[in-house]
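> Sequence below, structure please.
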Amino acid sequence: MVEERITEVETPTGNTHTTHTVIHDEERRGGGAGWLIALLLIVALVAGYFIVTSMSGAEVAKDNAIADAAGDVSEAAQKVGDAVDGN
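Predicted structure coming up:
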């Protein structure tokens, strides 16, 4: 329901001021923007989770590659040392 109130006030000098007030008694309905924002937030959180987990997986792979390279260098040094001792 909509109600319109008009108030007129006359000052002592004779000037009249009119005020219009509109009152809405209807229940407010959302336009769906709240649901859209919530959905976008969920998508952003899921994407962030996958980015973080893939970065940590890459970090582990890099650490493993460095450890393997260090092992190969150690093995090569051992072979050089064995070759020197054999001559």
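
> which other helices and strands contact the one helix or strand Leu40 maps to?
Using DSSP states H and E, Leu40 sits in helix 33-86. If contacts are counted by 3 or more Cβ pairs under 8 Å, 6 or more residues apart in numbering; DSSP states H and E, helix 33-86 sits against no helix or strand. Just so you know, the C-beta spots here come from the backbone N, C-alpha and C atoms, and that holds for glycine as well.

> what mean pLDDT does it have?
Averaged over helix 33-86, pLDDT sits at 85.

> Quickly list what Thr7 is bridged to.
Thr19 (DSSP bridges).

> so it touches Thr19, yeah?
Yes. The criterion here is Cβ atoms under 8 Å, and Thr7 meets it with Thr19 at 4.5 Å.

> what residue is smack in the middle of the chain?
Ala44 (4.9 Å; Cα atoms, centre = their mean).

> so Glu27, which of the three states?
Under DSSP: H, G, I helix; E, B strand; the rest coil, Glu27 falls in the coil class.

> so how many other residues sit close to it?
5 (other Cβ atoms under 10 Å).

> swap in Ser56?
10.

> now the one 3 residues further on
For Glu59, the count of nearby residues is 10 (other Cβ under 10 Å).

> Same check on Ala67?
Ala67, neighbours per other Cβ under 10 Å, totals 10.

> State the distance from it to Gln78.
Distance, Ala67 to Gln78, using Cβ to Cβ, to the nearest Å: 17 Å.
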